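using only what follows, build the 3D model:
(chains A and B)
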Protein chains: 2
Amino acid sequence: MLAVVFQVRLPTAADTDGKPALHVLLWQRALDPERGKWSLPGGRLGADEDLTSSVRRQLAEKVDLRELAHLEQLAVFSDPTRVPGPRTIASSFLGLVPSPATPELPSDTCWHAVSDLPPMAFDHGPMVEHARTRLGAKLSYTNIGFALAPDEFALSTLRDIYSAALGHPVDATNLQRVLERRKVITRTGTTARSGRSGGRPAALYRFADSRYRVTDEFAALRPPG
Amino acid sequence: MLAVVFQVRLPTAADTDGKPALHVLLWQRALDPERGKWSLPGGRLGADEDLTSSVRRQLAEKVDLRELAHLEQLAVFSDPTRVPGPRTIASSFLGLVPSPATPELPSDTCWHAVSDLPPMAFDHGPMVEHARTRLGAKLSYTNIGFALAPDEFALSTLRDIYSAALGHPVDATNLQRVLERRKVITRTGTTARSGRSGGRPAALYRFADSRYRVTDEFAALRPPG
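Residues are numbered from 1 along each chain as shown, chains lettered A, B, ... in the order given. From the prediction side, this is the model:
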């Protein structure tokens, strides 16, 4: 199993525009094969565990990462030549960490901007791309944003998170309209402690659910009653 | 790999209400283990093929099934005790056959109504349930109905297909409204050759695309331009 763990983070490099960007958790290989290249966290399935328990165990062991708000199976990568040596099939997982969390990481591990990946081991680069595409699709028909956002947030914060995850600008007003109509987000009734300088304090929102669900079960397809 | 292949079919049993129902393709095990129980088609991954090629090969070999309109990976079933003997991990696939197709089947293989499954081998019953749930979700946010429907159809036919796949009644007018607004279906400009007795001939529709896509990329989340 290999886990593609995403978080929307402020970039650390000085030469960026300072906007939050989608980052992925990678560790640098100290040994051959592919020494020096960057890998997704993961490892082999133990004899008495299923895939999901195994991924949780390995993330907790290797990268001290217990703050996952969402974890799901994505796809199986089974090209016979995907890694050298004996055949290995990889099941990829999508993991999401909410924005403000700062999990402790071992020294060989760090967050990289998805738009600027370092040299990647094996087929881990395409796995990150695949996971990002799936995340983008899921943002449109599920409430999965809950797993990237803080508990409470101003709309401008949510817009930044969606824009970072999708890789293109999103309009805050449209986002609010769609997510409120679908009852994905609701107002908390409070405002941010300090508004932008000179502006009104921003209304705060939260996700209505913190369990993953499809939000586009349009009326025609809902069970009656 | 194991394939959950669905088709909406008229029931064969005499004691039903005659409405189309969702069916799944199963074969009866002639040998132990689980002799006499019903299995999903599939088999082991060959050394030089990936999962999808393998599923296609096995479906073609075992059940002469080349009329699949859609095939995708669904999930990995990895409970250590899911089958007796050496550990086996199963990757499930969703396959869909359009309504009018009547693929030839070997004598140990037939279609069963999902609502009335025979005694199932291993964890194949839960796999069918899982696939049905995923199909239901996908019907609401993708154009996947194209893979269950005829090339051209009256709305009443499409309603029957959606109702069968979802397992509950769907309103034809709502269905038309939503699918037309999303440009999932379009009118062909023709009508059915014979209308219902005494009624007007029914307008015919078709799916705009016969490639799987997410149809709920709502405006706020689309890339600009």
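
output the least confident helix or strand in chain A by mean pLDDT as CSV - backbone C-alpha positions only.
When the helices and strands of chain A are scored by mean pLDDT, DSSP states H and E, helix A:51-63 comes last with a mean of 88. Output of helix A:51-63 as CSV, limited to C-alpha atoms (Å, rounded to 0.1, in the frame of the first residue of the first chain):
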residue,chain,number,x,y,z
LEU,A,51,-5.3,-2.9,3.7
THR,A,52,-6.8,-0.1,5.6
SER,A,53,-5.5,-1.2,9.0
SER,A,54,-2.1,-1.7,7.4
VAL,A,55,-2.0,1.8,5.9
ARG,A,56,-3.1,3.4,9.2
ARG,A,57,-0.4,1.4,11.0
GLN,A,58,2.3,2.3,8.6
LEU,A,59,1.4,6.0,8.5
ALA,A,60,1.4,6.0,12.3
GLU,A,61,4.7,4.1,12.5
LYS,A,62,6.7,5.8,9.8
VAL,A,63,5.5,9.4,9.8
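
buried residues, that helix. List them.
A:51-52, A:54-56, A:58-59, A:62-63 (16 or more other CB atoms under 10 Å in any protein chain shown). Using the backbone N, CA and C atoms, a C-beta is placed for each residue, glycine as well.

against which helices or strands is the helix or strand following it packed?
Taking DSSP states H and E as the definition, the helix or strand that follows helix A:51-63 towards the C-terminus is strand A:70-77. Contact here means 3 or more CB pairs under 8 Å, 6 or more residues apart in numbering or on different chains; DSSP states H and E; on that basis strand A:70-77 packs against helix A:51-63, strand A:90-96, helix A:124-141, strand B:70-77.

who does the first one touch, helix- and strand-wise?
With contacts taken as 3+ CB pairs under 8 Å, 6+ apart, helix A:51-63 sits against strand A:2-9, strand A:21-28, strand A:70-77, strand A:90-96.

check the shortest one too.
In terms of contact count using 3+ CB pairs under 8 Å, 6+ apart, strand A:90-96 is assigned the packing partners strand A:2-9, helix A:51-63, strand A:70-77, helix A:124-141.

show me what from chain A comes close to chain B.
A:45, A:47-51, A:73, A:75-76, A:78-80, A:87, A:89, A:91, A:136-137, A:139-141, A:162, A:166, A:168-171, A:174-175, A:177-178, A:214, A:216-221, A:223-224 (CB under 8 Å from any CB of the partner chain).

please indicate which of the residues you listed are buried?
Buried among the residues of chain A next to chain B by 16+ other CB under 10 Å: A:45, A:49-51, A:73, A:75-76, A:78, A:89, A:91, A:136-137, A:139-141, A:162, A:166, A:170, A:175, A:178, A:214, A:216-218, A:220-221.

what residues are up against A:Val114?
Counting by CB atoms under 8 Å, 6 or more residues apart in numbering or on different chains, A:Val114 touches A:6, A:21-24, A:128, A:132, A:167.

likewise A:Leu45?
Neighbouring residues of A:Leu45 by CB under 8 Å, 6+ apart: A:1, A:51, A:54, B:78, B:89.

do A:Gly43 as well
A:1, A:54, A:58, A:62.

closest to chain B among the residues you listed?
Closest to chain B out of the contacts of A:Gly43 is A:Ser54 (8.0 Å), distances taken as CB to the nearest CB.

would you confirm that A:Phe6 contacts A:Phe93?
No: with contact defined as CB atoms under 8 Å, A:Phe6 does not count as touching A:Phe93 (11.2 Å).

before we move on, the earlier item: how about TSV for the helices and strands packed on helix A:51-63, with mean pLDDT added?
Output for the helices and strands packed on helix A:51-63, formatted as TSV (pLDDT from 0 to 100):
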stretch	mean pLDDT
strand A:2-9	96
strand A:21-28	96
strand A:70-77	94
strand A:90-96	95
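
closest to A:Trp111 out of those strands?
A:Trp111 sits nearest to strand A:21-28 of all the helices and strands packed on helix A:51-63, at 4.0 Å, using CB to CB.

any idea of the pLDDT on A:Ser197?
At A:Ser197, the model reports a pLDDT of 61.

from A:Val184, how far out is A:Arg213?
Distance of A:Arg213 to A:Val184, computed by CB to CB, to the nearest Å: 9 Å.

same question for A:Gly136.
Distance from A:Gly136 to A:Val184, by CB to CB: 16 Å.

for A:Leu117, same thing?
A:Leu117 is 30 Å from A:Val184, by CB to CB.

higher neighbour count, the two?
A:Val184 (20 against 15; other CB atoms under 10 Å in any protein chain shown).

nearest residue to the more buried one other than its sequence neighbours?
A:Asn143 (4.8 Å; CB to CB, 6 or more residues apart in numbering or on different chains).

isn't the one you found right up against A:Ala208?
Yes: counting by CB under 8 Å, A:Ala208 is a contact partner of A:Asn143 at 7.5 Å.

nearest to B:Gly36 among the helices and strands packed on strand A:70-77 would be which one?
Of the helices and strands packed on strand A:70-77, nearest to B:Gly36 by CB to CB is strand B:70-77, at 22.0 Å.

what does the closest one rub up against?
So strand B:70-77 is in contact with A:51, A:73, A:75-76, A:91, B:3-4, B:51-52, B:55-56, B:89-96, B:123, B:127, B:130-131, B:134, B:144, B:146-147, B:212, going by CB under 8 Å, 6+ apart.

next, the angle helix B:51-63 makes with that strand.
Interaxial angle of strand B:70-77 relative to helix B:51-63 (axes from the mean of the first three to the mean of the last three CA atoms, to 10 degrees): 100 degrees.

strand B:70-77: how far from the chain's middle?
12 Å (CA atoms, centre = their mean, to the nearest Å).

CA atoms of that strand as PDB?
Extracted C-alpha coordinates of strand B:70-77, given in PDB (Å, rounded to 0.1, in the frame of the first residue of the first chain):
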ATOM      1  CA  HIS B  70     -18.100   0.000 -18.800                       C
ATOM      2  CA  LEU B  71     -15.500  -1.600 -16.600                       C
ATOM      3  CA  GLU B  72     -13.700   0.000 -13.600                       C
ATOM      4  CA  GLN B  73     -11.800  -1.000 -10.500                       C
ATOM      5  CA  LEU B  74     -14.000  -0.600  -7.400                       C
ATOM      6  CA  ALA B  75     -12.200  -1.800  -4.200                       C
ATOM      7  CA  VAL B  76      -9.800  -4.300  -2.700                       C
ATOM      8  CA  PHE B  77     -11.200  -6.900  -0.300                       C
END
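
what strands line up against it, and which way round?
According to DSSP bridges, strand B:70-77 forms sheet pairs with strand B:90-96 (antiparallel).

which residues touch the strand it pairs with?
A:76, B:1-7, B:40, B:42, B:51-52, B:55, B:59, B:65, B:68-78, B:82, B:123, B:127, B:130-131, B:134-135, B:144, B:147-148.

report the mean confidence score over the helix or strand just after it.
Going down the chain from strand B:90-96, the next helix or strand is strand B:109-113, by DSSP H and E. Strand B:109-113 shows an average pLDDT of 94 in the prediction.

can you get me the start-to-end distance on stretch A:166-182?
20 Å (CA to CA, to the nearest Å).
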